[in-house]
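Undergrad: Can you look at this prediction? I've put the sequence above it.
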Amino acid sequence: MPTRSQLLNPDYYAPVLSNALRIVAILVFAYIATRAIVRLMRGLRGYTVRMMLKSGGGHEYEVEKRVETIESLLGKALFILIWIVAGLMILKELNFDVRPLLAGAGVAGVAIGFGAQNIIKDVLAGMFLMMENQIRVNDVAVINGKTGLVEEINLRTTVLRGEDGAVHIFPNGIIQGLSNLTREYSYYVFNLSVTYSQDTDHVVSVLQSIAEELSQEEPYRAVVLAPIEILGVDKLADSGAVIKARFKTVPNQQWMVGREMNRRIIKRFEEAKIEMPSAAPTVNVVLPATESRSRAGLTPSPMRPVPSRCSTRTISRRRTASACCPDNKDRCRYPRIRGSCCA
């Protein structure tokens, strides 16, 4: 125990204050290093995009998404590394011997490796996901049957945001099926049904004129990459002929172009008197022409009387029988069953 004279001596607190100041300096340095890395990554982002575009790396939008994904992943890894080193330095300033800790971490890493095989599998799958450039941040993808916007790509997980706002988190190791809907370019594919009484060549010409007007107007001029491609009459359905077509657009913009195209098709078809099949089918009932039969010398057949409804009575052995009387007579169709008679 320190004596009273030692406690009153300022030199007694000098080592403690020195360690405290060094700890504060380590924390400040770690914070400044993380902020500097963030600024450095932002500065390198534009330079990397320009260099990749010069080397023919693809469309500018695609290159930016790839660089943003790599920047996010690398920034997180450097952030974790800086603070791990800062934590070890602080432990050393607190007079903890970190050498046994580091040696134990190696042994513990081997034990954890056997027990955390799924985590290692997820990390390795995430690394290949990044190196093969399968998906990027801001892509629209279908992962294991779920469709959404890619918000995050981490070493262990991939995060999707669904259309309804739901967040879907997939460990990278369990991704069995992946479809990227917005890589390099996208297509908006639509099927258009018209009745069989319409001229399909005229319908195709109207569609081409609508698409040409759409591609010349803003903001659709900048996102449409090619004229509309009409594939022709795709199939003959019960309600009418189905014409299939598609628009080639920049990634993530195919739905905007498709919605505007649908709106203009409805308006233009109504002006051009092009009939599309309705959801509810129309049934035409043709009544027999009795007057025409009489003029031709044919006598119409007499209408049969409507059979009366038969009574239902419970008979023996808890059986129920129903009988019809087509000629309104008091006789049963099933005479062997007693207790069932006609009304």
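TA: Cool, got the structure. Since this is a predicted model, take the numbers as computed values, not measurements.

Undergrad: tell me which residues in the helix or strand that Asn262 is a member of are buried?
TA: Per DSSP states H and E: Asn262 is located in helix 254-271. For helix 254-271, a neighbour-count test (16 or more other Cβ atoms under 10 Å) marks 254, 257-258, 261, 264-265, 269 as buried. From N, CA and C alone the C-beta is placed, and that goes for glycine too.

Undergrad: Go through these and name the one nearest Asn95.
TA: Nearest to Asn95 among the buried residues of helix 254-271: Gln254, at 62.8 Å, using Cβ to Cβ.

Undergrad: Throw the buried residues of helix 254-271 into JSON lines and include pLDDT, thanks.
TA: Shown next, in JSON lines, are the buried residues of helix 254-271 (pLDDT from 0 to 100):
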{"residue": "Gln254", "pLDDT": "89"}
{"residue": "Val257", "pLDDT": "92"}
{"residue": "Gly258", "pLDDT": "92"}
{"residue": "Met261", "pLDDT": "92"}
{"residue": "Arg264", "pLDDT": "93"}
{"residue": "Ile265", "pLDDT": "93"}
{"residue": "Phe269", "pLDDT": "91"}
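
Undergrad: with those in mind, which one is nearest to Asp122?
TA: If you rank the buried residues of helix 254-271 by distance to Asp122 using Cβ to Cβ, Gln254 comes first, at 31.4 Å.

Undergrad: That closest one touches Phe247, doesn't it?
TA: Yes. If you go by Cβ atoms under 8 Å, Gln254 and Phe247 touch, sitting 6.7 Å apart.

Undergrad: who touches both of those two?
TA: 187-188 (Cβ atoms under 8 Å, 6 or more residues apart in numbering).

Undergrad: now the helices for the stretch 201-343 of the chain?
TA: Assigned by DSSP state H, counting those that start in this stretch, the helices in the stretch 201-343 of the chain fall at 254-271, 290-295.

Undergrad: May I have the helix holding Asn262 as PDB, with CA atoms only?
TA: Taking Å, rounded to 0.1, in the frame of the first residue of the first chain, the C-alpha atoms of helix 254-271 are listed here in PDB:
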ATOM      1  CA  GLN A 254     -36.400  -0.900 -67.700                       C
ATOM      2  CA  TRP A 255     -39.400  -0.700 -65.400                       C
ATOM      3  CA  MET A 256     -39.800   3.100 -65.900                       C
ATOM      4  CA  VAL A 257     -39.700   2.700 -69.700                       C
ATOM      5  CA  GLY A 258     -42.200  -0.200 -69.500                       C
ATOM      6  CA  ARG A 259     -44.700   1.600 -67.400                       C
ATOM      7  CA  GLU A 260     -44.700   4.600 -69.700                       C
ATOM      8  CA  MET A 261     -45.000   2.300 -72.700                       C
ATOM      9  CA  ASN A 262     -48.000   0.500 -71.200                       C
ATOM     10  CA  ARG A 263     -49.700   3.900 -70.600                       C
ATOM     11  CA  ARG A 264     -49.200   5.000 -74.200                       C
ATOM     12  CA  ILE A 265     -50.400   1.700 -75.600                       C
ATOM     13  CA  ILE A 266     -53.700   1.900 -73.900                       C
ATOM     14  CA  LYS A 267     -54.200   5.500 -75.100                       C
ATOM     15  CA  ARG A 268     -53.100   4.900 -78.700                       C
ATOM     16  CA  PHE A 269     -55.100   1.600 -79.100                       C
ATOM     17  CA  GLU A 270     -58.200   3.300 -78.000                       C
ATOM     18  CA  GLU A 271     -57.700   6.000 -80.600                       C
END
